[in-house]
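> how would this look folded up:
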Amino acid sequence: MGDTDRAALSQCALDLLKVFPPMPGACALMSASLAVGLERCMTAPIHVIAGTLAVDGEPVFGVRQPFDGPAVFSASNPDWDGHVWVMIGPYVVDVSLFRTAYSRHGPPRLVKHINLAFGPNKGLYVDRWKRTGQLGLSYEPQYVLSADEVTLLMGGAFHIIKQSQSG
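So this is what the prediction gives:
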């Protein structure tokens, strides 16, 4: 990833992390928000992906089973046990990973792994996608969200951000 794209990614992620309230289960909303922001300032292909996140080969989000993506992502805040992240070309970009791991709602296996592998105070995970996983993390894609599904999630994210700013 070039310096210009890396800077744009960092700035978009920081901006999102500042305004999005800490909450469990927000990977779809946060990933959609990040993707929409990145589409304005990057030329690389950007996709929002749903699937399984595994730590050392064991799923922590998702069950490695096919699912009905259009049915799951027909809601602006889906109730689903998998994980959602952004792909920028060949790069996995996960804006919710550390927030989830550092929360009291994070799965114990993920919490332990993140604390040991990365330590505290991280905000954005970016790595070249590999089937075997880097640093013990495996992103296993199962569904690519459509532009309409991303827009619907962005609406849900906007609602949560506005609610948190008024309350």
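
> residues near Ala79, how many?
No Ala there; residue 79 is Asp. Neighbour count of Asp79, defined by other C-beta atoms under 10 Å: 7. In this view, the C-beta of every residue, glycine as well, is placed from N, C-alpha and C.

> next: Pro21.
Neighbours of Pro21 under the rule other C-beta under 10 Å: 11.

> doesn't it fall inside a helix?
No - applying DSSP: H, G, I helix; E, B strand; the rest coil, one finds Pro21 to be coil, outside a helix.

> hang on, it packs against Ile161?
Yes - using C-beta atoms under 8 Å, Pro21 makes contact with Ile161 at a distance of 7.4 Å.

> report the longest helix in this protein, please.
helix 147-166 (DSSP state H).

> okay, buried residues for that helix please.
Within helix 147-166, the residues scored as buried using 16 or more other C-beta atoms under 10 Å are Glu149, Val150, Leu152, Leu153, Met154, Gly156, Ala157, Ile160, Ile161.

> same check on stretch 48-58?
So, applying 16+ other C-beta under 10 Å, buried residues of stretch 48-58: Val48, Ile49, Ala50, Gly51, Thr52, Leu53, Ala54, Val55.

> so what touches it?
28, 31-32, 35, 59-64, 69, 72-73, 80, 82-87, 97, 109-110, 113, 133, 136-145, 149-150, 153 (C-beta atoms under 8 Å, 6 or more residues apart in numbering).
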